[in-house]
Structures are given as structure tokens and as C-alpha cells.
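Undergrad: Mind looking at a prediction? Sequence and model below.
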Amino acid sequence: MNVYYSLYKSVNSKNVLTKVINGSQQYVKANPAITELAKVNTQMINLSKDMGISAPPPGMVAQSDKGYKESDLL
């Protein structure tokens, strides 16, 4: 879990795009932490499914807490 939050802070502090200067070339590329963050997130979701744990992502509210019922989906 600490890896997830470390990567999240890295993306927020260094922005989504990074500027690369290579000699006379300059270009913008995606922050590599974004890819790693997606991988860690996928692993956490798969692990929670394997353990039978169902929880909303950090910062989200579970649908059951919003007063929705299963019959609302019909």
C-alpha cells in the first residue's frame, strides 16, 4: 500500500508529463510513475478479489453507503 501512495505522490508532485532534454532534442513524455501506478493498482484489485475483500478505491464512497438498492439497477 505504501508503494501505491508513493507513486501517487510522485505523479502529483512531478505532474503527468515530464520534459526530457537529450542533447539538442527536447520532448515531452508521460511520467513513468503512471504506468507503475496502474500496475500496482491492478495487483491490489486482483489480490482483494482473491481474498474476497470488496472495498471501494481510496477516496471513493461505496455504492451501498449512498442509499442505492439492487432494484435501482432494473
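TA: Thanks, I have the structure now. Numbering: from 1, shown residues only.
Undergrad: Which parts of the protein are helices?
TA: 2-14, 32-51 (DSSP state H).
Undergrad: so which of those helices gets nearest residue 72?
TA: Between residue 72 and those, the shortest gap by C-beta to C-beta is with helix 32-51, which sits at 24.0 Å. Placement of C-beta: from N, CA and C, glycine included.
Undergrad: May I have the closest one exported as CSV, CA atoms only?
TA: Extracted in CSV, the C-alpha atoms of helix 32-51 (Å, rounded to 0.1, in the frame of the first residue of the first chain):
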residue,chain,number,x,y,z
PRO,A,32,6.8,6.6,-15.8
ALA,A,33,5.2,6.5,-12.4
ILE,A,34,1.8,6.5,-14.1
THR,A,35,2.5,3.1,-15.6
GLU,A,36,3.8,1.7,-12.4
LEU,A,37,0.8,3.1,-10.5
ALA,A,38,-1.6,1.3,-12.9
LYS,A,39,0.3,-2.0,-12.4
VAL,A,40,0.2,-1.7,-8.6
ASN,A,41,-3.5,-0.8,-8.7
THR,A,42,-4.3,-3.9,-10.8
GLN,A,43,-2.3,-6.1,-8.5
MET,A,44,-4.2,-4.7,-5.4
ILE,A,45,-7.5,-5.3,-7.1
ASN,A,46,-6.6,-8.9,-8.0
LEU,A,47,-5.3,-9.5,-4.5
SER,A,48,-8.5,-8.2,-2.9
LYS,A,49,-10.6,-10.4,-5.2
ASP,A,50,-8.5,-13.4,-4.3
MET,A,51,-9.0,-12.6,-0.6
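Undergrad: residue ranges with poor pLDDT in the protein?
TA: 1, 14, 54-68, 74 (pLDDT under 70).
Undergrad: again, 80 this time
TA: Across the chain, residues meeting the criterion (pLDDT under 80) sit at 1-2, 4-5, 8, 10-15, 52-74.
Undergrad: Relative to its centre, which residue of it is most distant?
TA: Taking C-alpha atoms, centre = their mean, the residue of the chain most remote from its mean C-alpha position is residue 24, at 34.2 Å.
Undergrad: Please report the distance of that residue from residue 47.
TA: Applying C-beta to C-beta, to the nearest Å, the value for residue 24 to residue 47 is 46 Å.
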